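Trainee: here's my sequence, what's the structure:
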Amino acid sequence: MTHHLTRDEARRIAVRAQLLDAQRPGDVVEVAEQLGAIKIDPTATIAPAQHTILWSRIGWSYESAQLTKAVEMDRVLFEFDGSFRPVSLLPLMLPWMRTRPLRDSTKQWVEANAKFRDDVLARLRAEGPLLASDIPDTAAVARDSEAGWYGPNQVPQMLEFLSRTGRIGVVRRVGRHRVWDIAERAFPADLPEYDPDEAARMLDQRRLQAAGIAKQKSPWTRVGEAGEPATIEGLRSKWRVDPEALATLNDDSDGRVAFLSPYDGMLFDRPRLRDIFDFDYVLEQFKPKSQRKYGFFAHPILIGDVFMGMLDAVLDREHEVLRVNAVHELIPFEPEEDEMVRAEIADLGAWLGVRVAEF
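Mentor: A predicted model of the protein is given here:
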């Protein structure tokens, strides 16, 4: 059966799947289990992405120590590829991690550095957990400039390779620096085992759970044949919808205001934003100042299921104040919406523990 949805219905499904409706989740783990990934980024015009993402869902009761506890003490979340993820996803990811295809340049680099790889694993096994700076660089061959911003030290690149192939994991952070250990100690020992095809299907289902609705052949939100087929009024493309999201479509749930970090997963699938939200989002962080329209790291403002504005604000820690440079109205606010946005800014200041400058 193909479900025929209006754009309003598609937006409500997406907003609820991302835990951005009025019914807020209770804790960090609930958010991670639903979203699948919480992006880590240190850019902190307001707060680092991982904390803003959680605050925008949980609200005033969220504290950064809750995330640290879930990762480092309870070990119900783990860090991988720049995001915190629930451990329930790990057994679905491991088959792909262990068999993922490698670029020819990576294969050649790893083969030339087989002893270096073994040295890193042996040191972690004997002495771990360790920072990258604790591990000597014994590489025989250095990667060329295409490796990016790592610099001449080959240890961080080898750690990334071993992490992406499931041999090691991040167990905690010291400031911004990751602490690594072998997989046997970094991850739980009693994880279920799945064959690669079954794991891939289950991963598709989890991606669709987080999205609620996604284009069937989207390279941004890969859901394969998960869920059920759907069409959206006015759009020609084929979609997949999460049946559990459909089942709650008509549940009563008021909208609310949410400020989204530019690295929020809700914003990742840009084509979907354009298709169902009519929101053409561009992050201006890497634009020259003269070309910025909304600000260096402006946070999109979601009101209900419509992106209605952009918040350009900066946390001034030295003076303990949240400075709101501008609230850009993409769609003119009604008086009630303006009041809601101002109240959310006040809540943001209270969560940060600072006053809000007049704006």
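Trainee: thought residue 292 was touching residue 284?
Mentor: Yes: counting by CB atoms under 8 Å, residue 292 does reach residue 284; the two are 4.4 Å apart. In short, each C-beta sits where N, CA and C put it, glycine included.
Trainee: tell me which of the two has more neighbours.
Mentor: Comparing residue 292 with residue 284 by neighbour count (other CB atoms under 10 Å), the higher total belongs to residue 284, at 18 against 15.
Trainee: for stretch 134-145, which residues meet the burial criterion?
Mentor: Neighbour-count burial for stretch 134-145, counted by 16 or more other CB atoms under 10 Å, picks out 135, 137-139, 143.
Trainee: grab the nearest non-local neighbour of residue 296.
Mentor: Spatial nearest neighbour of residue 296, excluding adjacent residues (CB to CB, 6 or more residues apart in numbering): residue 285 at 5.9 Å.
Trainee: and what of residue 214?
Mentor: Spatial nearest neighbour of residue 214, chain neighbours left out: residue 221 (4.0 Å); criterion: CB to CB, 6+ apart.
Trainee: which ones are touching the closest residue in space to residue 353 that isn't next to it in sequence?
Mentor: Leaving aside its sequence neighbours, residue 353 sits nearest to residue 320 (CB to CB, 6+ apart; 7.5 Å). Contact analysis of residue 320 by CB atoms under 8 Å, 6 or more residues apart in numbering lists 353-355.
Trainee: low pLDDT regions in the stretch 101-250 of the chain?
Mentor: Residue ranges of the stretch 101-250 of the chain with pLDDT under 70: 145-150.
Trainee: which residues of it fall in strands?
Mentor: Under the criterion DSSP state E, counting those that start in this stretch, the stretch 101-250 of the chain contains strands at 130-131, 168-174, 177-182, 213-215, 228-232, 239-241.
Trainee: residue 28 is nearest to which of those strands?
Mentor: Distance to residue 28, taken as CB to CB, is lowest for strand 168-174 among these, at 15.5 Å.
Trainee: angle of that closest one against strand 177-182?
Mentor: Angle, strand 168-174 to strand 177-182, by axes from the mean of the first three to the mean of the last three CA atoms, to 10 degrees: 150 degrees.
Trainee: just give me how far strand 168-174 sits from the chain centre.
Mentor: 18 Å (CA atoms, centre = their mean, to the nearest Å).
Trainee: buried set for that strand?
Mentor: Quick answer for strand 168-174 (16+ other CB under 10 Å): 168-172.
Trainee: closest one of those residues to residue 206?
Mentor: Here the nearest of the buried residues of strand 168-174 to residue 206, counting by CB to CB, is residue 169; it sits at 19.3 Å.
Trainee: wait, doesn't that closest one sit right on residue 78?
Mentor: Yes: counting by CB under 8 Å, residue 169 touches residue 78, with 6.2 Å between them.
Trainee: was I right to think the residue nearest to residue 296 contacts residue 294?
Mentor: No: assessed by CB under 8 Å, residue 285 is found out of contact with residue 294, at 10.9 Å.
Trainee: if I pick residue 285, what's in contact with it?
Mentor: By CB under 8 Å, 6+ apart, the contact list for residue 285 reads 43, 262, 296-297.
Trainee: please pick the buried ones from the residues you listed.
Mentor: Buried, going by 16+ other CB under 10 Å: 262, 296-297, out of the contacts of residue 285.
Trainee: so what's the residue count around the closest residue to residue 143 other than its chain neighbours?
Mentor: Closest residue in space to residue 143, ignoring its immediate chain neighbours: residue 109 at 5.4 Å, by CB to CB, 6+ apart. Neighbour count for residue 109, taken as other CB under 10 Å: 24.
Trainee: check the one 3 residues further on too.
Mentor: As a burial measure, residue 112 scores 14 neighbours (other CB under 10 Å).
Trainee: that one contacts residue 140, doesn't it?
Mentor: Yes: under the criterion of CB under 8 Å, residue 112 makes contact with residue 140 at 5.8 Å.
Trainee: need the residues touching each of residue 169 and residue 78.
Mentor: Residues within reach of residue 169 and of residue 78 at once, by CB under 8 Å, 6+ apart, are 186-187.
Trainee: what ranges do the helices span in the stretch 101-250 of the chain?
Mentor: Assigned by DSSP state H, counting those that start in this stretch, the stretch 101-250 of the chain shows helices spanning 104-112, 114-127, 155-164, 183-186, 196-211, 243-247.
Trainee: follow-up on the earlier one: among the contacts of residue 320, who's most crowded?
Mentor: residue 354 (17 neighbours).
Trainee: which residues sit in contact with it?
Mentor: Residue 354 makes contact with 315-317, 320-322, according to CB under 8 Å, 6+ apart.
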